[in-house]
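[1] quick check, what structure comes out for this input:
(4 chains)
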2 protein chains.
Amino acid sequence: MTRCQRTHSRCAVATKESLIRSATELFAHHGLDGVSVESIAQKAGVNKALINYHFGGKERLYTEILRTTLAEARRRVDELRDSSRSPEDVLRDFVAAFHNLATVARPHFPALLLREVLTGGRRFDEEIVPHILGLFEGVAGVIERGVREGVFRPVHPFLAHLGIIGSLVFFYATEPRRRRIASELKLPVVMPTANDFVAHIQEVILYGIAAGPRRTENTQKES
Amino acid sequence: MTRCQRTHSRCAVATKESLIRSATELFAHHGLDGVSVESIAQKAGVNKALINYHFGGKERLYTEILRTTLAEARRRVDELRDSSRSPEDVLRDFVAAFHNLATVARPHFPALLLREVLTGGRRFDEEIVPHILGLFEGVAGVIERGVREGVFRPVHPFLAHLGIIGSLVFFYATEPRRRRIASELKLPVVMPTANDFVAHIQEVILYGIAAGPRRTENTQKES
DNA sequence: GTCTATAGGCTGATAGAC
DNA sequence: GTCTATCAGCCTATAGAC
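    Numbers count the residues shown, from 1 in each chain, chains lettered A, B, ... in the order given. Down below sits the predicted model:
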């Protein structure tokens, strides 16, 4: 219970932050429709009327969370994309940055983004769209550069972007649930850590799109 | 409006199928909590009381849809996994089968599975768990075999499974929405088709985990 | 089997006291 | 800024007519 020094009452900013923190976790877990304002307020330890006072309603709170979370993700991609390093290294950096974002800085970013896209992205307004574009341009851009410089095979940048982002978003969005589900289902496997996954996916992606001679025959779609 | 030959009234089976079809699409798009029984009934063209009569409530209808959808996916994986073909070919077949399932037979399978895992898989009961296990064992099993036979690098089967399934589930679960969103956002890219994606992902996966000499240096996590 | 009518609970939002 | 009290609307489920 953070208290202001002068008023001896709970700071407004502390209330807002508490609400945002609680709502972020609940929205990521249950979706906008699966969360009641009552449950958000209870988890935050404040009155539910304050959601309307500070944010103007449940939906506006959701949109604000989506916007700030995507802004943070975009900021990190922008920091990396114009690097002078090799395309391989930049791609590795993207994966490492995603890992850090999804495990430390914004652990609910993957689930929030995924849920929003699943439902049709109806909240992708003028404030959010640039962030989505930034993410896309970052990954697809470095792949395009790698293809141009001849270090990557001529893969389609957008498809490669989707494959990479798909793996990452799926893994981190489902990671906390999967651990519990896997143990309940008695999955016959030792659960690797998220760190193991980062190393694996960096390796597989780079082996997968790197230029150079291969012993594998051409790929085919059907048997 | 399918009618029975003798009763001259709408067949019960037609009603059930119509409800299942409508509910499947709505659940995949909006999630269990985002769909009202009223909207399901309206889309199906029947009365909402019939949802309780035929299925025993909205949640039971949802569980039934989840179960039959996962059963179908599992059935297809089981058909392929014990093939005598090479691990590379079986993996290609898995991807092709997923594509067929996600575009023709059960277009809502990826979104339904994804949403359920995101929310914690609370409906993974004794009837559903074997299907989940079947999917996992199919993909991880063929990778294990490939590693054992020396045609794949010694990747972790479970991590490889997650990376592959993640790409596929993400792509197909978001495909219909992404097309609309991309055009609204004026994404500076020609949208490739799902067929293009299949070819791309088969290629990248096999290049990514195939054994054999590589020109790429060792993978590292941080810059 | 299907429909109408309705019960009963929960939800999001707000007015007003402090 | 925060809380209590409350309302109107929507929700799921069901009883009962046909």
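
[2] and the pLDDT at A:Thr15?
    We have a pLDDT of 97 for A:Thr15.

[3] what kind of secondary structure is the residue lying closest to it once chain neighbours are set aside in?
    Spatially, and ignoring its direct neighbours in sequence, A:Thr15 is nearest to A:Val46 (5.4 Å; Cβ to Cβ, 6 or more residues apart in numbering or on different chains). The way it works is simple: take the backbone N, C-alpha and C, and place the C-beta from them, glycine included. At A:Val46 the chain is in coil, as set by DSSP: H, G, I helix; E, B strand; the rest coil.

[4] equivalent analysis for A:Pro188, please.
    Following three-state DSSP, we place A:Pro188 in the coil state.

[5] list the residues that contact it.
    Listed by Cβ atoms under 8 Å, 6 or more residues apart in numbering or on different chains, A:Pro188 has no contact partners.

[6] tell me how far A:Ala173 lies from B:Asn100.
    Noted for A:Ala173: a distance of 25 Å to B:Asn100, by Cβ to Cβ, to the nearest Å.

[7] in terms of neighbours, single out the busier of those two.
    Higher neighbour count among A:Ala173 and B:Asn100: A:Ala173, with 25 against 14, using other Cβ atoms under 10 Å in any protein chain shown.

[8] what's the spacing between that one and DNA strand C?
    Computed as Cβ to the nearest atom of the strand, to the nearest Å, the A:Ala173 to DNA strand C distance reads 22 Å.

[9] what's the closest non-adjacent residue to that residue?
    In space, and not counting its chain neighbours, A:Ala173 is closest to A:Pro110: 3.8 Å by Cβ to Cβ, 6+ apart.

[10] now A:His99
    Closest residue in space to A:His99, ignoring its immediate chain neighbours: A:Val198 at 4.7 Å, by Cβ to Cβ, 6+ apart.

[11] the one you found and A:Asp93 touch, don't they?
    No - using Cβ atoms under 8 Å as the test, A:Val198 is too far from A:Asp93 to be in contact (11.4 Å).

[12] elements contacting the helix or strand containing A:Lys16?
    Taking DSSP states H and E as the definition, A:Lys16 sits inside helix A:12-30. With contacts defined as 3 or more Cβ pairs under 8 Å, 6 or more residues apart in numbering or on different chains; DSSP states H and E, helix A:12-30 has these neighbours: helix A:37-44, helix A:49-55, helix A:58-81, helix A:109-118.

[13] again, only this time at 10 Å
    Other elements packing on helix A:12-30 under the criterion 3 or more Cβ pairs under 10 Å, 6 or more residues apart in numbering or on different chains; DSSP states H and E are helix A:37-44, helix A:49-55, helix A:58-81, helix A:109-118, helix A:157-184, helix B:109-118.

[14] would you confirm that the residue nearest to A:His99 contacts A:Phe171?
    Yes - using Cβ atoms under 10 Å, A:Val198 is in contact with A:Phe171, at 9.3 Å.

[15] could you list the low-confidence segments of chain A?
    A:1-10, A:213-223 (pLDDT under 70).

[16] kindly provide the distance from the most centrally placed residue in chain A to A:Thr103.
    Centroid check for chain A by Cα atoms, centre = their mean gives A:Pro110 as the closest residue, at 3.0 Å. For A:Pro110, the distance to A:Thr103 equals 10 Å [Cβ to Cβ].

[17] swap in A:Asn195?
    9 Å.

[18] between these two, which is the more surrounded one?
    Each of A:Asn195 and A:Thr103 has its neighbours counted (other Cβ under 10 Å); A:Thr103 has more, 15 against 11.

[19] mutual contacts of A:Pro110 and A:Thr103, please.
    The contact sets of A:Pro110 and A:Thr103 overlap at A:Tyr172, A:Glu175 (Cβ atoms under 10 Å, 6 or more residues apart in numbering or on different chains).

[20] re earlier: the residue nearest to A:Ala173 contacts A:Phe171, correct?
    Yes - applying Cβ under 10 Å, one finds A:Pro110 in contact with A:Phe171, separated by 8.0 Å.
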